[in-house]
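Colleague: sequence and predicted structure below; questions after.
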Amino acid sequence: MSLRNFQIYRGDGTVGEMKSYQLEIEKGMVVLDVIHRIQAEQAGDLAVRWNCKAGKCGSCSVEINGKPKLSCMTRMNEYAEDETISIRPLKAFPIMRDLVADVSWNYEQNKRITPFKPDPSSKNESGDYVMMQEDIDRVQEFRKCIECYLCQNVCHVLRDHERKDAFVGPRFMIRLAGLEMHPLDMQDRIPDVKNSYGSGMCNITRCCTDVCPEHIQITDNGIIPMKERVVDRYYDPVMKLIGLIFRRK
Amino acid sequence: MTEIPGGHHSGFLQSNRADKWWIEPLWTGLGFLAFVVYTTWAMFQGDHYWWSAGQGGFGGYLSPFYSPLIFIKQGVAGAAPMDHAWFGSWPGWWPKLIPATPAILILAGPLSFRMTCYYYRKFYYRAYFMSPPACAVEGISQKKYKGETLLLVFQNLHRYTLYIALGFVAILSYDGILSLFRNGEFGIGVGSLILIINPILLAGYVFGCHAFRHITGGNQDCFTCPNGKTSVRYKMWKGVSRLNARHMFWAWISMIWVAFADIYIRMVSSGKWIDYSTWGY
């Protein structure tokens, strides 16, 4: 047990302040436990979004001491006993109240993406779609995404430059990568990856990968392969010629 | 510094991070700057890039900064024998304002590969352009930010620079073999080890490149089509992917080593260091 100091944002998207709290910490507590305890004992109207408390729902994303993190997966023993821990809502999205940000913009981006469409000719004799594990490994990595939007929040294109009009963000770049790399999918999204979803806006500074709680290699395995496919189509005449000759997708 | 709703600090280099976020961009920025300063200095020297203990014939140590030798200027201390030049002696039409050094003709090749590399882009955008300086640290906020779509669209040429880099792996491998001979006699010296390790480290970097990974198999949607069997390209892609996972390591170690190789040969060639070898001379 030790008495620790916290600062938590209280307010909405127009006005608010950092308020100080003190709490006795018990062994094994995570930051979400602290928020819940403060909510129960000192600030009954503190707004916080959470759900599974197991790092799988992606609801409790906040910024702890300035770093985007899941509060349920951030253990209190990561911090020194004399350190004041600050908890803020996500910066890149509008604040609804206290620690809750409105992440609905992300759902709108998801709707824009051309959905999966399997090639009927790839069915086997029994009428089933069959995939080999080697072909689906890449896609399965992206399916680990829990949509916590920490990557969207830390992406400087969205966070600092506010170019939500030009870039869908890393979460949806890996969704696009998962669809484009899918062995059964027959849609062509590469023109949209370049022109509409804004792959060129990303300058590979990898913060999305750094903050991903699922350790998805967003940049190396998702965004860069998409940028390379855009290069194939728009910036590499040799590949373009090969594509024309062999009619590659 | 201003504080915006959410309690977030806003403004250039502002952040709520409590850790020393500036250490990484500082050491990477200074590290690469040191390499660029040394490389530029070494490039303009134009001398002491070759050592074969005064022996002719096949063999000798050639600084990787000067390889391949397109032209060779005669009468320079520590210069390679003329038969090592691809096109003979230094051309008479060369402008006097530009130093006549073989390195000036070739260094743009490997440099273009490193400067468009996806890893280098990460650290120099952070360290030099502060776009962003670190994760969750604000750089210069631009409402009309264009990323790599406008002036930086040339970054898409990385795969062409890859082809150049592959050529340098082959050339520097040949130099490694060359270093095992002195006047046609087989042997081994400390310089041989350095020049053999050099292309190995460079290969680790080049063959783990994201563009190479894409070309070897990343551009495929199906590795087992049409017969359900794993293709050779898949195995290549897996191998490249393993190297790619440590691309940062290979980028730095190959860069440091190539500079060290130049320093070693420069020191041996100018008589400041002794090259211990099996040749005994």
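Modeller: The structure has been received and is ready for your questions.

Colleague: got the contact list for residue 110?
Modeller: Assuming you mean chain A. A:172, A:175 (CB atoms under 8 Å, 6 or more residues apart in numbering or on different chains). Any C-beta I mention is one placed from the backbone N, CA and C, and that applies to glycine too.

Colleague: oops, I was thinking of chain B
Modeller: Applying CB under 8 Å, 6+ apart to residue B:110 gives the contacts B:164-165, B:168.

Colleague: closest one to chain A out of these, please.
Modeller: Closest approach to chain A among these (CB to the nearest CB): residue B:164, at 14.4 Å.

Colleague: so which strand or helix has the nearest residue to that closest one once chain neighbours are set aside?
Modeller: Leaving out its chain neighbours, the residue that sits closest to residue B:164 by CB to CB, 6 or more residues apart in numbering or on different chains is residue B:109, at 4.5 Å. Residue B:109 is part of helix B:108-116, with elements assigned from DSSP states H and E.

Colleague: and after that helix, which helix or strand comes next?
Modeller: Where DSSP H and E defines the elements, the next helix or strand beyond helix B:108-116 is helix B:118-127.

Colleague: on that earlier part again, these two touch, right, the residue nearest to residue B:164 and residue B:162?
Modeller: No - using CB atoms under 8 Å, residue B:109 is not in contact with residue B:162; the gap is 11.1 Å.

Colleague: by mean pLDDT, flag the weakest helix or strand of chain A.
Modeller: When each helix and strand of chain A is scored by mean pLDDT, DSSP states H and E, helix A:237-246 comes last, with a mean of 76.

Colleague: packing partners of it?
Modeller: With contacts taken as 3 or more CB pairs under 8 Å, 6 or more residues apart in numbering or on different chains; DSSP states H and E, helix A:237-246 sits against helix A:224-234.

Colleague: roughly how far is stretch A:44-53 from the heart of the chain?
Modeller: The chain centre lies 20 Å from the centre of stretch A:44-53; the measure is CA atoms, centre = their mean, to the nearest Å.

Colleague: buried residues in it, which are they?
Modeller: A:46, A:48-50, A:53 (16 or more other CB atoms under 10 Å in any protein chain shown).

Colleague: then stretch B:68-76?
Modeller: Buried residues in stretch B:68-76, counted by 16+ other CB under 10 Å: B:68-69, B:71-73, B:76.

Colleague: who's in contact with the one helix or strand in chain B whose mean pLDDT sits lowest?
Modeller: Using mean pLDDT, DSSP H and E, strand B:2-4 stands out as the lowest-scoring helix or strand of chain B, at a mean of 78. Here strand B:2-4 makes contact (CB under 8 Å, 6+ apart) with B:9-11.

Colleague: kindly present those residues as TSV, with separate columns for pLDDT, distance to residue A:87 and secondary structure.
Modeller: Listed next are the contacts of strand B:2-4 as TSV, based on pLDDT from 0 to 100; distance: CB to CB, whole Å; DSSP: H, G, I helix; E, B strand; the rest coil:
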residue	pLDDT	distance to residue A:87	secondary structure
B:9	92	15	strand
B:10	90	18	strand
B:11	92	21	coil
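
Colleague: just the buried ones among the contacts of residue B:110, please.
Modeller: Using 16+ other CB under 10 Å as the burial test, the contacts of residue B:110 include B:164-165, B:168 as buried.

Colleague: adding pLDDT and secondary structure, write these out as CSV.
Modeller: CSV is the format used below for those (pLDDT from 0 to 100; DSSP: H, G, I helix; E, B strand; the rest coil):
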residue, pLDDT, secondary structure
B:164, 95, helix
B:165, 97, helix
B:168, 97, helix
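
Colleague: nearest to residue A:185, out of the residues you listed: which one, please.
Modeller: Of all the buried ones among the contacts of residue B:110, residue B:165 has the smallest distance to residue A:185: 32.9 Å, by CB to CB.

Colleague: what about residue A:36, neighbour count?
Modeller: Residue A:36 has 18 neighbouring residues, counting by other CB atoms under 10 Å in any protein chain shown.

Colleague: repeat for residue B:79
Modeller: Neighbours of residue B:79 using other CB under 10 Å come to 23.

Colleague: what are the phi and psi angles of the nearest residue to residue A:58 once chain neighbours are set aside?
Modeller: Closest residue in space to residue A:58, ignoring its immediate chain neighbours: residue A:148 at 3.3 Å, by CB to CB, 6+ apart. Backbone torsions for residue A:148, taken as degrees, to the nearest 10, come to phi -80, psi -20.

Colleague: tell me the domain ranges of chain A?
Modeller: Segmentation of chain A into domains, based on automatic domain parsing, reads A:2-101, A:104-245.

Colleague: what residues are up against residue A:141?
Modeller: Residue A:141 sits next to A:216-217, A:221 when contact means CB under 8 Å, 6+ apart.

Colleague: now the strands for chain A?
Modeller: When assigned using DSSP state E, the strands of chain A occupy the ranges A:2-11, A:16-25, A:61-64, A:67-70, A:85-88, A:95-97, A:100-101.
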